[in-house]
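1. got a structure for you, letters missing:
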């Protein structure tokens, strides 16, 4: 429970922030950030040197972009920054929670935090609304995943079970649907029917397509953990399909293609192997691939022809056709292949977190792009090809020929599109 002193301090800081925000005008925004030119890369200095990125950048329709950071000395304080395509800070908003990956939809920045979901106006960072997603409980046990957007424009959030302060009682996991104005449409609760086991119920981040909403729920009991891939009606939250993954743990959804096929991965806890699955829109298994005990820490992407690209911790990037045929297995010469991929309009694949790499989609050959610093966030790309990513206390802008995130690929990036909404038409 937060102390009165902490609450008072946060109140004072927030009041100071509002005063500073009021004082910010377009004529002095250049003085807020220092733009340095080193080779061809622009370095944007943030307000403090200890800003730690908490998510990945999202690009707005006018090529402004948004990034979130842990900032300041007060616990859970974070700052949402919006930059223009010149690297100037347009606005900043302080939250006293830590957001997951932001998403953009219809003029709003959606931020899922441990207690509230916030919608900020993308023009000026002002709060449009907030919705209380959790009640009292142990803050550190509250886990909310990156939201997705449905075909109706509604916001889907998945929340793990969390423990109350008595250390005994757990609040069951749930899926929540909010409309664009922040009002509750529906919610579904996932209980193990035993309060002890309820505390271990976990989700994967949801995705959506025209057929509905998808998420994987891990439900534990005295006989172990069972994962369920579930499909829900986006209008009322009713269950459409339920695919049982016996003995699988650490399951996560990756993407969907234009046919409505669903792709996911999981670790077989009995045979100690990681598998990647392709299911049809009717939940029939089309194909699967095993990678032994090599885990999958990133998400697959899908090009315009339906080919799937997936990086695995064995150091390889794999390309599969829509029917599961392996087209190449490219050794990226990395001990770990981490960092999300995205497909750009120039046809190449780009990824980060171990530097920035450009990958030929026909051969899998990787070319390193020199950068100023090791990236801590994943990348995104502006329409002119500028690659954006963040380190501690700095934002970087790197010119390239990428020409923006692909507008033709079926699922070109982790969040499926510039807005990171995890929705496939």
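-> Alright, I've got the coordinates. From a predicted model like this one, the values you see are computed outputs, not experimental measurements.
2. Give me the distance between the most centrally placed residue in the chain and residue 273.
-> Nearest to the mean C-alpha position of the chain, counting by C-alpha atoms, centre = their mean, stands residue 101 at 4.3 Å. Using C-beta to C-beta, to the nearest Å, residue 101 is found at 29 Å from residue 273. All C-beta spots, glycine's among them, are computed from the backbone N, C-alpha and C.
3. How about residue 344?
-> Distance, residue 344 to residue 273, using C-beta to C-beta: 33 Å.
4. Just confirm the residue nearest to the centre of the chain is within a helix.
-> No - counting by DSSP: H, G, I helix; E, B strand; the rest coil, residue 101 is not found in a helix; it is coil.
5. my read: it touches residue 56, true?
-> Yes - using C-beta atoms under 8 Å as the test, residue 101 is close enough to residue 56 to be in contact (5.5 Å).
6. Give the residues shared as contacts by the two.
-> In terms of C-beta atoms under 8 Å, 6 or more residues apart in numbering, residue 101 and residue 56 are both contacted by the residues 415, 420.
7. Show me where the chain has its helices.
-> 4-23, 195-198 (DSSP state H).
8. Those helices: lowest mean pLDDT?
-> If the helices of the chain are sorted by mean pLDDT, helix 4-23 sits at the bottom with a mean of 34.
9. Okay, now the unreliable bits of the stretch 51-200 of the chain?
-> For the stretch 51-200 of the chain, applying pLDDT under 70 flags the ranges 72-75, 165, 167-168, 192-195.
10. can you check the stretch 301-425 of the chain too?
-> In the stretch 301-425 of the chain (pLDDT under 70), the answer is 335-336, 353-354, 372-375.
11. rerun that using 80 as the cut-off
-> By pLDDT under 80, the weakly predicted segments of the stretch 301-425 of the chain are 333-338, 353-355, 370-376, 425.
12. and residue 208, how many neighbours does it have?
-> Number of residues near residue 208 (other C-beta atoms under 10 Å) recorded here: 25.
13. What distance do you get for it to residue 251?
-> Look at residue 208 and residue 251: by C-beta to C-beta, they are 18 Å apart.
14. Please apply the same query to residue 273.
-> In terms of C-beta to C-beta, residue 273 sits 13 Å off from residue 251.
15. Find the residues that touch each one of these two.
-> Contact with both residue 273 and residue 251 is made by residues residue 267, according to C-beta under 8 Å, 6+ apart.
16. Show me which of those two is the more surrounded one.
-> Remark: of residue 273 and residue 251, residue 251 carries more neighbours, 22 against 14, as counted by other C-beta under 10 Å.
17. Hmm, residue 266 and that one touching each other?
-> Yes - if you go by C-beta under 8 Å, residue 251 and residue 266 touch, sitting 3.6 Å apart.
18. Touching both of the two, which residues are there?
-> By C-beta under 8 Å, 6+ apart, residue 251 and residue 266 have these common neighbours: 216, 227, 245.
19. Might you report the residue contacts of the first one?
-> Residues counted as contacts of residue 216 (C-beta under 8 Å, 6+ apart) are 203-204, 227-230, 245, 251-253, 264, 266.
20. ok, now with 10 Å
-> Neighbouring residues of residue 216 by C-beta atoms under 10 Å, 6 or more residues apart in numbering: 158, 202-206, 227-230, 243, 245, 248, 250-253, 264-266.
21. And for residue 196, the neighbour number?
-> Applying other C-beta under 10 Å, we find 13 residues neighbouring residue 196.
22. How about residue 363?
-> Residues near residue 363, counting by other C-beta under 10 Å, number 10.
23. For residue 285, see how far away the closest residue to residue 380 other than its chain neighbours is.
-> Nearest residue to residue 380, sequence neighbours excluded (C-beta to C-beta, 6 or more residues apart in numbering): residue 57, at 4.5 Å. Using C-beta to C-beta, residue 57 is found at 35 Å from residue 285.
24. When these two are compared, which one has more neighbours?
-> Neighbour totals were compared for residue 57 and residue 285, and residue 57 leads with 26 against 10 (other C-beta under 10 Å).
25. My understanding was that that one contacts residue 80; is that so?
-> No - with contact defined as C-beta atoms under 10 Å, residue 57 does not count as touching residue 80 (11.4 Å).
26. got any residues that touch both of these two?
-> Counting by C-beta under 10 Å, 6+ apart, the residues touching both residue 57 and residue 80 are 66-68, 102.
27. Quick check, residue 83 in contact with residue 45.
-> No - the pair residue 83 / residue 45 is not scored as a contact, 11.9 Å apart, by C-beta under 10 Å.
28. higher neighbour count, those two?
-> residue 83 (24 against 17).
29. State the distance from residue 119 to residue 182.
-> Here residue 119 is placed at a distance of 6 Å from residue 182 (C-beta to C-beta).
30. Overlap of the contact sets of the two?
-> 108, 110, 128-131, 155.
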